[in-house]
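1. Please work out how this folds:
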Amino acid sequence: MSVKTVSDVAVVGGGPAGSFATLNLVRHGASVTVFEEHGEIGVPCHCAGHLSIKGLKTLGLWPLPKGIVENTFRAASFFSPNGRQFTVRFPSPVTCVVNRSLFDKHIAEMAEAAGAEYRLDARVESLIMENDLVKGVVVNQDGKVETERAKIVVDAEGISPRLLKQTVLASMNRRMVANGVEAEVENVRDVELDAVEVFLGTDYAPGLYAWLIPKRDGTAKVGLGASRGNPIELLQRFMHKHPVASRQLAKVLVLRKSFHPVTLGGSIAQAYCGGFLAVGDVASQVKPTTGGGVVLGLTCARIAADVVGEALATNDFSSRSLSMYQKRCAGFLGFDMRVMLRIRRMFNSLSDSQLDDLIAFGARFGVDKVLSRVGDIDLQGRALLRVLPSVRTMAALSYFLWLCACANP
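-> Numbers count the residues shown, from 1 in each chain. Okay, the predicted model is just below:
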């Protein structure tokens, strides 16, 4: 097994978080090598790609190149288990759906153009540990195993924490992981092209929700996340039994399916140790309310790049030096993550009949008018604080808390 120094930083994983960390690291003057176990960036696809436009703008990624954005949305409709509807409409588009494969490739291409090296079909087997510091990775590429030394390793391997488990760090809460399945379909009927649809109910998606995301070309993304049960069977039940979705999807043709677990337990307690940082799904930097993690992961990846840049400048890769990563991530999303986790647990406590009542209450009391003034769907704790002074919001929140109390006497 050969040994060589690969670069300043070894990044494990060429998904959005890994590539965005890489892009920002190169901008800090670091030499970076990305190890991606698959033969093509963005393949296989791991999520629906429903992203906030505001989040992308904040990251400097909006507008995206032509062909990546499949649709934009100015409305979201929420359906209860028995088909009651609650719709929030915004004055302008607030979210988009992207082709995740092309989106991932776009960020990787920017990083590569900036000077990063990408090695595909390169599976990182293990970390190199010396005196409580991570000093590089052991890589298997085309059957050839090499020891690649680096000053810092950034772990962006996705939801499977193989490398994280080799450190002293605790991984995500496995009890708060939902299994996701999504189908690309055509021949969908009776959908609004500028609205995403969310379907609640334990019969169809226990522990999360089901979704229908229309695309401009007439196809749609239909899927769900579930904390229990067989996701394939649940998707079939949803498509054929839900009082609203079954009419929309009665004649669809399924073009392809994909599967992906979703972590809903909030950020891991510590995402750093000597010579090592974890970003994205492996650090559970994902919204517990929705399961969306791209924008949060990208933001934390940029924070990671800033901290690594500072560590390279001082030649200090100790756990104490890299602890700034945790502090800055906590300052960015700590409050919102705690609020979203509490909301997720409260939603999980509600029965289907209580979800029916909650949707009906929101529609009857005009809560949609208040929510339509909220443009931030990523930092939901802060967004909730902004709308709390509204009488309608307070009434809806009080009703929600009362339902949760009834569910947990």
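2. Stretch 130-150: how far from the chain's middle?
-> Counting by CA atoms, centre = their mean, to the nearest Å, stretch 130-150 is centred 28 Å from the centre of its parent chain.
3. With stretch 208-224 instead?
-> 16 Å.
4. Go ahead and list the helix or strand containing Phe103.
-> Per DSSP states H and E: Phe103 is located in helix 100-114.
5. For the helix or strand just after that helix, the averaged confidence score.
-> Scanning forward in sequence from helix 100-114 by DSSP H and E, the next helix or strand is strand 117-119. The pLDDT scores in strand 117-119 average 97.
6. What are the buried residues along the helix holding Phe103?
-> For helix 100-114, the neighbour count (16 or more other CB atoms under 10 Å) marks 100-108, 110-112 as buried. For the C-beta atoms, the positions are set from N, CA and C on the backbone; glycine is no exception.
7. Likewise for stretch 67-86?
-> 68-71, 73-81, 83-84, 86.
8. Which ones among those residues lie within strands?
-> 69-71, 73, 75-79, 86 (DSSP state E).
9. Looking at the residues you listed, which is nearest Pro231?
-> Phe79 (18.9 Å; CB to CB).
10. measure the closest one to Arg342 for me?
-> Phe79 is 23 Å from Arg342, where distance means CB to CB, to the nearest Å.
11. remind me which residues of the stretch 301-409 of the chain are low pLDDT?
-> 368, 370-409 (pLDDT under 70).
12. again, only this time at 80
-> 362, 364-409 (pLDDT under 80).
13. got it, and the chain?
-> In the chain (pLDDT under 80), the answer is 1-6, 46, 362, 364-409.
14. now do 70
-> 1-6, 368, 370-409.
15. Where do the domain boundaries of it fall?
-> Following the assignment in automatic domain parsing, the chain carries domains at 2-46+102-174+265-336, 75-93+177-263, 343-407.
16. Just say which of those is most tucked in.
-> Sort these by mean neighbour count, taking mean count of other CB atoms under 10 Å, and domain 2-46+102-174+265-336 sits at the top with a mean of 20.
17. What are the boundaries of the helices in the stretch 101-250 of the chain?
-> When assigned using DSSP state H, counting those that start in this stretch, the helices of the stretch 101-250 of the chain occupy the ranges 231-241, 245-248.
18. and those as JSON lines, adding distance to Ser7?
-> Formatted as JSON lines, the helices of the stretch 101-250 of the chain follow (distance: least, CB to CB, whole Å):
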{"stretch": "helix 231-241", "distance to Ser7": "39"}
{"stretch": "helix 245-248", "distance to Ser7": "49"}
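19. out of those, which comes closest to Gly13?
-> Proximity to Gly13 (CB to CB) singles out helix 231-241 among those, at 23.8 Å.
20. And that closest one, what does it pack against?
-> Helices and strands touching helix 231-241, as assessed by 3 or more CB pairs under 8 Å, 6 or more residues apart in numbering; DSSP states H and E, comprise strand 177-186, strand 220-226, helix 245-248.
21. Tabulate the ones you listed in a markdown table, adding columns for distance to Leu25.
-> Listed next are those as a markdown table, based on distance: least, CB to CB, whole Å:
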| stretch | distance to Leu25 |
| --- | --- |
| strand 177-186 | 29 |
| strand 220-226 | 32 |
| helix 245-248 | 43 |
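22. Quick check: which of the ones you listed is nearest to Phe317?
-> strand 177-186 (30.9 Å).
23. which residues touch the closest one?
-> 47-48, 159, 207-208, 218-227, 231-232, 234-235, 249, 252-265, 291 (CB atoms under 8 Å, 6 or more residues apart in numbering).
24. One more pass at 7 Å, please.
-> 48, 207-208, 218-227, 231-232, 235, 249, 252-264, 291 (CB atoms under 7 Å, 6 or more residues apart in numbering).
25. In a strand, Lys251, correct?
-> No - counting by DSSP: H, G, I helix; E, B strand; the rest coil, Lys251 is not found in a strand; it is coil.
26. ok, it to Arg189 distance?
-> 7 Å.
27. that older thread, want to throw the domains of the chain into CSV with distance to Gly55?
-> Shown next, in CSV, are the domains of the chain (distance: least, CB to CB, whole Å):
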stretch, distance to Gly55
domain 2-46+102-174+265-336, 3
domain 75-93+177-263, 13
domain 343-407, 5
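28. sec struct for Val282, please.
-> helix.
29. who are the neighbours in contact with it?
-> Val282 neighbours (CB under 7 Å, 6+ apart): 155-159, 161, 164.
30. Please report the distance of the residue nearest to Glu112 when sequence neighbours are not counted from Ile107.
-> Among residues not flanking Glu112 along the chain, Tyr118 sits closest, at 5.7 Å (CB to CB, 6 or more residues apart in numbering). Separation of Tyr118 from Ile107 (CB to CB) stands at 11 Å.
31. With Cys300 instead?
-> For Cys300, the distance to Ile107 (CB to CB) stands at 14 Å.
32. rewinding a little: export the contacts of Val282 as TSV, with columns for distance to Val308.
-> Below are the contacts of Val282 laid out as TSV (distance: CB to CB, whole Å):
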residue	distance to Val308
Asp155	12
Ala156	13
Glu157	17
Gly158	20
Ile159	22
Pro161	20
Leu164	17
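33. Just the closest of the residues you listed to Leu127, please.
-> Once CB to CB is applied, the member of the contacts of Val282 that ends up nearest Leu127 is Asp155, at 8.6 Å.
34. Please name the nearest non-neighbouring residue to the closest one.
-> Asp155 sits nearest to Ala278 (CB to CB, 6+ apart), 4.5 Å away.
35. again with Lys257
-> Per CB to CB, 6+ apart, closest to Lys257 is Ala183, 4.9 Å.
36. now the closest residue to Lys287 other than its chain neighbours, what's its secondary structure?
-> Leaving out its chain neighbours, the residue that sits closest to Lys287 by CB to CB, 6+ apart is Met340, at 5.5 Å. For Met340, the assignment made with three-state DSSP gives helix.
37. Count the neighbours of Met340 for me.
-> Around Met340 sit 23 other residues, with neighbours defined as other CB atoms under 10 Å.
38. quick one on the thing from earlier: quick one: the residue nearest to Lys257 and Asp190, what's the gap?
-> Ala183 is 18 Å from Asp190, by CB to CB.
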